[in-house]
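Asker: Prediction below, plus the sequence it came from.
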Amino acid sequence: MSDLPRRAVTRSAKLASLPLGFAGRTALGVGKRTFGRSAEAVAMEIQQRTAEQLFTVLGELKGGAMKLGQMLSIFEAALPPEIAGPYRATLTRLQEAAPPLPAAVVHRVLAEGLGEDWRDRFTSFEDEPSAAASIGQVHRAVWADGREVAVKVQYPGAGKALVSDFNQLARLARLFAVLMPGLDVKSVLAELKERVAEELDYTVEAASQTAFREGFPPGDPDFVIPEVVAQSGDVLVTEWIDGTPLSKIISSGDQDERDHAALLYCRFLLSGPKRAGLLHGDPHPGNFRIMADGRLGVLDFGAVDRIPEDFQHRMGRLLRIGTMADIDEIEDALRNEDFIREGVEIDAEALQSFLAPITEPFVTDSFKFSREWLRDMAARVTDLRPTNVVRQLNLPPEYVIVHRVLSAGTGVLCQLECEIPARAESLRWVPGFAEDEPADRPPSR
């Protein structure tokens with residue numbers, strides 16, 4: 001990763017450049033208003049330039065800055081396409097460009113975690129990684145008992161870089177407020193910092209994976225969760241599973257394969273809290289495989305959210321109320337959950353217009369997820385005018401991962417171009433959703 005800015009001084013300087021740039025643009029905006037341009041036009045230009053600089057700097061940094069950038073991509077539909085497009089491309093480029101650790105460094109981490117005799121635990125070990133991510137990489141190996149295993153090795157120093165980035169980013173709340181005035185960025189950062197600390201701790205990941213396996217035990221008709229074989233320090237060893245990556249189903253699967261994969265994918269994300277008390281927080285297609293027997297194999301349990309039963313009912317109730325026609329009740333529910341912060345005024349008609357298509361998959365008996373539908377959703381929020389209701393909404397800390405999963409999961413379903421009974425799955429797996437069914441919901445298609 002030598003091509004990325006790693007030294008603390010360089011990272012801090014890049015982050016420090018953000019508020020300076022904002023101050024300069026604000027001063028420039030005052031000057032332009034003086035010469036006759038409307039305040040709204042100047043404000044939009046400042047917002048666009050701020051977003052461009054913000055995302056460029058975040059995209060150039062790894063660790064916590066990139067984690068926050070990925071979280072903020074939830075809101076990319078609210079940004080002009082000329083900004084959101086290059087930002088997505090930057091993140092993709094970074095994720096694909098991280099060079100693997102040298103074998104000698106991998107061996108050192110293995111020795112620190114599993115002991116100097118770590119080779120005795122394996123029949124074979126491949127030095128070339130099979131996958132790489134922002135904080136670690138995975139190697140294929142054969143355990144001493146003959147099982148094929150995946151060996152996850154964390155990059156040395158990843159934890160310090162993440163903590164440093166989050167401490168720096170916490171100082172930039174004013175900047176984010178330019179883009180999303182209703183968003184409490186400091187609370188979001190605090191939540192992300194806590195979650196990323198867990199992601200760095202492979203003891204926590206091993207426990208999460210074991211809990212998922214208990215909720216979806218061997219022999220489950222729909223899902224396969226690999227067993228944790230060993231964990232120590234910055235090393236995690238789990239069973240290796242083969243299968244067709246969900247990304248391949250997206251690119252070349254026929255309609256039956258797409259619908260089958262999509263139904264299991266949706267079912268897993270919705271049923272995790274009820275069956276295991278956990279939500280899988282990284283629904284990227286690369287973390288899912290369709291096995292030879294048709295079941296869905298699930299990987300990577302580093303980003304996991306614990307969902308208490310009472311919170312499951314609150315989420316279910318919020319989702320149910322969101323499908324109703326009573327906008328006053330919808331607004332009250334959003335305020336109760338702090339999606340609309342105290343003192344923030346919302347245009348009720350704009351809110352209803354914004355929510356209606358989003359909740360459509362949970363209203364009809366069968367719903368066709370498509371890129372066209374997703375583009376239509378994005379088109380509703382692609383400007384930064386103060387009247388855009390999405391800019392007035394807050395993301396409560398406890399909903400950070402939930403929102404990310406809902407947004408990213410919906411995107412994957414649209415990539416699959418599938419038709420599934422999302423409403424029926426919600427009724428089956430989401431506590432609180434089935435209570436007090438709205439009598440005025442639109443008829444099924």
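Answerer: Arrived safely.
Asker: In this structure Val109 contacts Gly157, no?
Answerer: No - at 11.1 Å, Val109 does not count as touching Gly157 under the criterion of CB atoms under 8 Å. C-betas here are computed from N, CA, C, even on glycine.
Asker: the more surrounded of those two?
Answerer: Val109 (19 against 10; other CB atoms under 10 Å).
Asker: OK, contacts around the more buried one?
Answerer: Shown in contact with Val109 (CB atoms under 8 Å, 6 or more residues apart in numbering): Leu101, Val153, Gln154, Pro156, Gly233, Asp234, Val235.
Asker: For the stretch 301-445 of the chain, just list every one of the strands.
Answerer: Taking DSSP state E, counting those that start in this stretch, the strands of the stretch 301-445 of the chain run over residues 304-306, 367-368, 419-420.
Asker: do the same with the stretch 101-250 of the chain
Answerer: Using DSSP E, counting those that start in this stretch, the strands of the stretch 101-250 of the chain run over 122-125, 131-132, 136-143, 148-154, 223-224, 228-232, 235-239, 244-245.
Asker: To Glu419, which of those strands lies closest?
Answerer: Smallest distance to Glu419 across the strands of the stretch 101-250 of the chain (CB to CB): 20.2 Å, for strand 244-245.
Asker: Check which helices and strands the closest one sits against.
Answerer: Packing partners of strand 244-245 (3 or more CB pairs under 8 Å, 6 or more residues apart in numbering; DSSP states H and E): strand 288-290.
Asker: tell me the mean pLDDT for the strand it packs on?
Answerer: Averaged over strand 288-290, pLDDT sits at 96.
Asker: Need the contact partners of that strand.
Answerer: Contacts of strand 288-290 (CB under 8 Å, 6+ apart): 241-246, 249, 257, 260-261, 264-265, 296-299.
Asker: Each with direction, which strands does the following helix or strand past that strand pair with?
Answerer: Using DSSP states H and E, the helix or strand that follows strand 288-290 in sequence is strand 296-298. Sheet pairing here is set by DSSP bridges, and for strand 296-298 it gives strand 223-224 (parallel), strand 288-290 (antiparallel).
Asker: Please point out which parts of the longest one sit buried.
Answerer: Across strand 288-290, burial judged by 16 or more other CB atoms under 10 Å covers Phe288, Arg289, Ile290.
Asker: could you redo the strands of the stretch 301-445 of the chain as JSON lines and give each row distance to Asp376 and mean neighbour count?
Answerer: Formatted as JSON lines, the strands of the stretch 301-445 of the chain follow (distance: least, CB to CB, whole Å; neighbours: other CB atoms under 10 Å):
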{"stretch": "strand 304-306", "distance to Asp376": "29", "mean neighbour count": "21"}
{"stretch": "strand 367-368", "distance to Asp376": "12", "mean neighbour count": "18"}
{"stretch": "strand 419-420", "distance to Asp376": "17", "mean neighbour count": "20"}
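Asker: Specify the stretch among the ones you listed that is closest to Ala325.
Answerer: Ala325 lies closest to strand 367-368 among those, at 18.2 Å (CB to CB).
Asker: Now tell me what touches that closest one from outside.
Answerer: Glu360, Pro361, Cys418, Glu419, Ile420, Pro421, Ala422, Arg423.
Asker: just the buried members of the residues you listed?
Answerer: By neighbour count, with 16+ other CB under 10 Å, the contacts of strand 367-368 hold Glu360, Pro361, Cys418, Glu419, Ile420, Pro421, Ala422, Arg423 as buried.
Asker: quick one on the thing from earlier: for Glu199, which of the strands of the stretch 301-445 of the chain is the nearest?
Answerer: strand 304-306 (8.5 Å).
Asker: So which elements touch that closest one?
Answerer: Counting by 3+ CB pairs under 8 Å, 6+ apart, strand 304-306 packs on helix 202-215, strand 278-280.
Asker: Please work out the average pLDDT along that strand.
Answerer: Regarding strand 304-306, the rounded mean pLDDT is 91.
Asker: Provide a list of residue ranges in the chain with pLDDT below threshold.
Answerer: Residue ranges of the chain with pLDDT under 70: 1-99, 133-134, 161, 163-188, 191-192, 378-388, 435-445.
Asker: Now with 50, please.
Answerer: By pLDDT under 50, the low-scoring segments of the chain are 1-9, 11-12, 15-35, 59, 73-80, 91-97, 382-383, 437-445.
Asker: which SS class is the closest residue to Ile307 other than its chain neighbours?
Answerer: Of all residues not flanking Ile307 in the chain, Pro273 sits nearest, at 3.8 Å (CB to CB, 6 or more residues apart in numbering). Here Pro273 is recorded as helix under DSSP: H, G, I helix; E, B strand; the rest coil.
Asker: Fine by me, we can end here.
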